[in-house]
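Visitor: I would like the atomic coordinates for the input below:
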Amino acid sequence: MKYIAILLTTLLLSLNATAAIKLDNHQARNMDDVHSLGVIYINHNFATESEADQALNDETDAQNAKYYRPMLTHEPGSNGNLHASAYIYR
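Guide: This next block holds a predicted model:
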């Protein structure tokens, strides 16, 4: 009985910890039932797109958004550093 209670508690906690879903341009255009929450900006230079995506996902979760559409911008004249921002939706 004790193990069942622990299992149920773990299951309930994991259901509340859902990560935001990354959308591409096509998916974002075709979603009619979402509400735009605005744009988030991450003021860091990222070496890879995966680092930028992870930071955007974390910030999207902090804003309680369900979806995000990333915009990654290469800094002119740099060694390929990225600036990250994303449209967020609920």
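
Visitor: In this structure Ile40 contacts His83, no?
Guide: No. In this structure, Ile40 is not within contact of His83 by Cβ atoms under 8 Å, at 12.0 Å. In this view, the C-beta of every residue, glycine as well, is placed from N, C-alpha and C.

Visitor: In three-state terms, label the residue most central in space within the chain for me.
Guide: By Cα atoms, centre = their mean, the chain has its centre lying nearest to Asn57, at 2.5 Å. Under DSSP: H, G, I helix; E, B strand; the rest coil, Asn57 falls in the helix class.

Visitor: ok, His74 to Met31 distance?
Guide: Note on His74: its distance to Met31, by Cβ to Cβ, to the nearest Å, is 27 Å.

Visitor: you'd agree Met31 is in a helix?
Guide: No. Counting by three-state DSSP, Met31 falls outside a helix, being coil.

Visitor: correct me, but it touches Tyr67?
Guide: Yes. Look at Met31 against Tyr67 with Cβ under 8 Å: they come within range, at 7.4 Å.

Visitor: Same drill for those two, tell me which one is more crowded.
Guide: More neighbours surround Tyr67 than the other of Met31 and Tyr67, with 20 against 12 (other Cβ atoms under 10 Å).

Visitor: so who does the closest residue to the more buried one other than its chain neighbours touch?
Guide: Nearest non-adjacent residue to Tyr67, counting by Cβ to Cβ, 6 or more residues apart in numbering: Tyr89, 4.3 Å away. Applying Cβ atoms under 8 Å, 6 or more residues apart in numbering to Tyr89 gives the contacts Leu23, Ala28, Met31, Val34, His35, Ser36, Leu37, Ala65, Lys66, Tyr67, Tyr68, Arg69.

Visitor: if you set the cut-off to 7 Å instead, what comes out?
Guide: Neighbouring residues of Tyr89 by Cβ atoms under 7 Å, 6 or more residues apart in numbering: Val34, His35, Ser36, Leu37, Ala65, Lys66, Tyr67.

Visitor: Which pLDDT value belongs to it?
Guide: At Tyr89, the pLDDT value in this model is 94.
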